[in-house]
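Novice: Sharing a sequence plus its predicted fold:
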Amino acid sequence: MNKGLRNWRLFSLFGMMALLLTGCGKPFLSTLQPAGEVADMQYSLMLLSTSIMVLVIVVVAIIFVYVVIRFRRRKGEENKIPKQVEGSHKLEIIWTVIPIILLLILAVPTVLTTFKLADVKAMNDKDRDKKGTVVVNVRANQYWWEFEYPDYGIITSQDLVVPTNEKVYFNLIASDVKHSFWIPAVGGKMDTNTDNKNQFWLVFDQKATDKAGGVFYGKCAELCGPSHALMDFKVRPLPRDEFDAWVKKMQNAKKPVVTDPVAKEGEAIFNKSCIGCHAVTPVDKRPVQARTAPNLANFGDRERIAGILEHNEENLKKWLRDPNSVKPGNKMAGTYGHLTEEQIDALTKYLMSLKVE
Ligand code: CUA
């Protein structure tokens with residue numbers, strides 16, 4: 001390869017990296033801007049381990065440079081050999097003990113933190129609802145998320161709502177393949193499995209929430225199919241009183257009363273083709289096996305269309321027209337016949353009118 005081409009490749013690689021890395025560090029998405037107790041603990045561990053690694057690299061580099069310069073071959077001393085230290089017990093003990101000490105410094109806080117993060121006693125307490133412990137059942141599906149609040153009897157999808165400044169506990173499962181539940185700014189990821197329940201807790205800091213603009217981004221962090229990278233969700237942490245008000249509203253939400261004639265037409269299409277999979281109230285009582293698609297009760301209040309597109313009518317129409325072009329391999333593609341533009345307009349009107357707040 002000629003030198004110009006090689007330089008150009010190197011240059012473009014660095015350029016790309018710089019461009020990509022400027023995307024890091026956003027308060028709604030970044031692990032480096034911890035937004036709660038769990039994220040804080042994990043961030044401290046990252047700093048600790050990174051500092052130890054940097055310290056080792058620096059010390060080794062200094063010794064290396066010193067040795068190269070100090071013992072280089074000099075004019076007139078071509079045949080001189082430095083003192084040989086092979087088999088020195090003293091040196092061997094030193095470079096065995098130092099890594100052990102470093103590993104201990106790393107291991108003690110890591111193990112302590114791991115146990116703290118695994119403590120989910122409060123969520124398995126029989127009286128948890130009397131104590132006000134918030135528990136959310138997360139169910140991951142190709143390529144959407146369901147959030148059920150078992151103590152309040154409500155279900156929502158795609159937008160997770162939680163109270164701030166307190167421990168929120170999660171039961172994690174998947175209904176089809178393995179996924180992974182991850183809110184980068186708020187805590188590390190945890191797998192959702194089909195055959196067993198994983199449990200953990202997170203804290204959503206109020207100040208960090210304000211800084212993030214009220215919404216954190218959530219991700220699927222386990223390769224689960226062609227739209228894995230598009231399997232996003234949003235988190236809206238609210239102060240406790242606002243959260244309680246939201247729960248009340250969800251609990252009291254009735255089937256929407258549609259008056260607009262176009263939306264009414266949309267409702268008729270929906271009731272014929274969509275309601276078998278999609279519920280439109282948060283208190284829908286169908287069993288978990290029958291919940292094969294996102295609950296749409298508060299669709300009009302959502303942050304995104306299909307979890308990824310900006311929330312507007314244009315994008316909803318795009319989704320209805322050809323869901324597979326937005327999220328390849330999703331389960332909605334091909335489940336309903338061809339919709340005319342008129343039908344799409346009517347459905348859009350109806351879906352956007354589904355609001356709880
Ligand atoms: Cu679900 Cu990746």
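Specialist: Cool, got the structure. Numbers count the residues shown, from 1 in each chain.

Novice: Any stretches of this structure with poor pLDDT?
Specialist: For the chain, residues meeting the criterion pLDDT under 70 lie at 1-3, 19-24.

Novice: Show me which residues of it sit near the ligand.
Specialist: Ala140, His179, Cys220, Glu222, Leu223, Cys224, His228, Met231 (Cβ under 6 Å from any ligand atom). For glycine as for every other residue, the C-beta is placed from the backbone atoms N, C-alpha and C.

Novice: run the last query once more with 5 Å
Specialist: His179, Cys220, Cys224, His228, Met231 (Cβ under 5 Å from any ligand atom).

Novice: how close does the first one get to Leu230?
Specialist: Put plainly, it is His179. Distance from His179 to Leu230, counting by Cβ to Cβ, to the nearest Å: 12 Å.

Novice: go on, Val136?
Specialist: Taken as Cβ to Cβ, the span from Val136 to Leu230 is 22 Å.

Novice: Pick out whichever of those two has more residues nearby.
Specialist: Val136 (22 against 18; other Cβ atoms under 10 Å).

Novice: Now do the same contact list for that one.
Specialist: Val136 is in contact with Phe147, Glu148, Tyr149, Leu160, Val162, Val168, Tyr169, Phe170, Asn171, counting by Cβ atoms under 8 Å, 6 or more residues apart in numbering.

Novice: so who does the last one touch?
Specialist: Neighbour list for Asn171: Met123, Val135, Val136, Asn137, Val138, Lys197, Asn198, Gln199 [criterion: Cβ under 8 Å, 6+ apart].

Novice: if we go to 7 Å?
Specialist: Neighbouring residues of Asn171 by Cβ atoms under 7 Å, 6 or more residues apart in numbering: Val135, Asn137, Val138, Lys197, Gln199.

Novice: One more: the first one?
Specialist: For Phe147, the residues meeting the contact criterion (Cβ under 7 Å, 6+ apart) are Val136, Val138, Thr156, Ser157, Leu160.

Novice: Which of those fall in strands?
Specialist: Among the contacts of Phe147, the residues falling in strands (DSSP state E) are Val136, Val138, Thr156, Ser157, Leu160.

Novice: ok, and the most crowded of those residues?
Specialist: Counting neighbours by other Cβ under 10 Å, the top entry in the ones in strands among the contacts of Phe147 is Ser157, with 26 neighbours.

Novice: Return the closest of the contacts of Asn171 with respect to the ligand.
Specialist: In terms of Cβ to the nearest ligand atom, no member of those lies closer to the ligand than Val138, at 11.7 Å.

Novice: Count the residues that sit near the closest residue to that closest one other than its chain neighbours.
Specialist: Here the nearest residue to Val138 in space, its sequence neighbours aside, is Leu172; by Cβ to Cβ, 6 or more residues apart in numbering that works out to 5.0 Å. The number of residues packed near Leu172 is 21, by other Cβ under 10 Å.

Novice: What distance do you get for Phe348 to the ligand?
Specialist: Just so we're on the same page, residue 348 is Thr rather than Phe. 27 Å (Cβ to the nearest ligand atom, to the nearest Å).

Novice: what helix or strand is that residue on?
Specialist: Element membership of Thr348 [criterion: DSSP states H and E] is helix 341-352.

Novice: Against which helices or strands is the helix or strand Ile93 falls within packed?
Specialist: Taking DSSP H and E as the definition, Ile93 sits inside helix 89-117. Secondary-structure packing of helix 89-117 (3 or more Cβ pairs under 7 Å, 6 or more residues apart in numbering; DSSP states H and E): helix 37-70.

Novice: Buried residues in the helix it packs on, which are they?
Specialist: Glu37, Val38, Ala39, Met41, Gln42, Leu45 (16 or more other Cβ atoms under 10 Å).

Novice: thought Gln251 was touching Ile154?
Specialist: Yes - using Cβ atoms under 7 Å, Gln251 is in contact with Ile154, at 5.9 Å.

Novice: just to revisit the earlier point, hmm, which two among the contacts of Phe147 are most spread apart?
Specialist: Val136 and Ser157 (12.2 Å; Cβ to Cβ).

Novice: Parallel or antiparallel, list what pairs with the helix or strand hosting Lys189.
Specialist: Lys189 is located in strand 187-192, with elements delineated by DSSP H and E. Strand 187-192 has these partner strands in its sheet, going by DSSP bridges: strand 179-183 (antiparallel).

Novice: Excluding chain neighbours, what is closest to Leu32?
Specialist: Gly25 (5.7 Å).

Novice: Just to be sure, the one you found is in a strand?
Specialist: No - counting by DSSP: H, G, I helix; E, B strand; the rest coil, Gly25 falls outside a strand, being coil.

Novice: and it, how many neighbours?
Specialist: With neighbours defined by other Cβ under 10 Å, the count for Gly25 comes to 11.

Novice: Could you do Arg74 as well?
Specialist: Per other Cβ under 10 Å, the neighbour tally for Arg74 reads 8.

Novice: Contacts only, for Asp195.
Specialist: Counting by Cβ under 7 Å, 6+ apart, Asp195 makes contact with nothing.

Novice: Helix, strand, or coil at it?
Specialist: coil.

Novice: still on that earlier bit, thought Pro34 was touching the residue nearest to Leu32, still the case?
Specialist: No - taking Cβ under 7 Å as the contact criterion, Gly25 and Pro34 are not neighbours in contact, 11.9 Å apart.

Novice: Distance of the closest residue to Gly300 other than its chain neighbours relative to the ligand?
Specialist: Nearest residue to Gly300, sequence neighbours excluded (Cβ to Cβ, 6+ apart): Lys355, at 4.0 Å. Separation of Lys355 from the ligand (Cβ to the nearest ligand atom): 28 Å.
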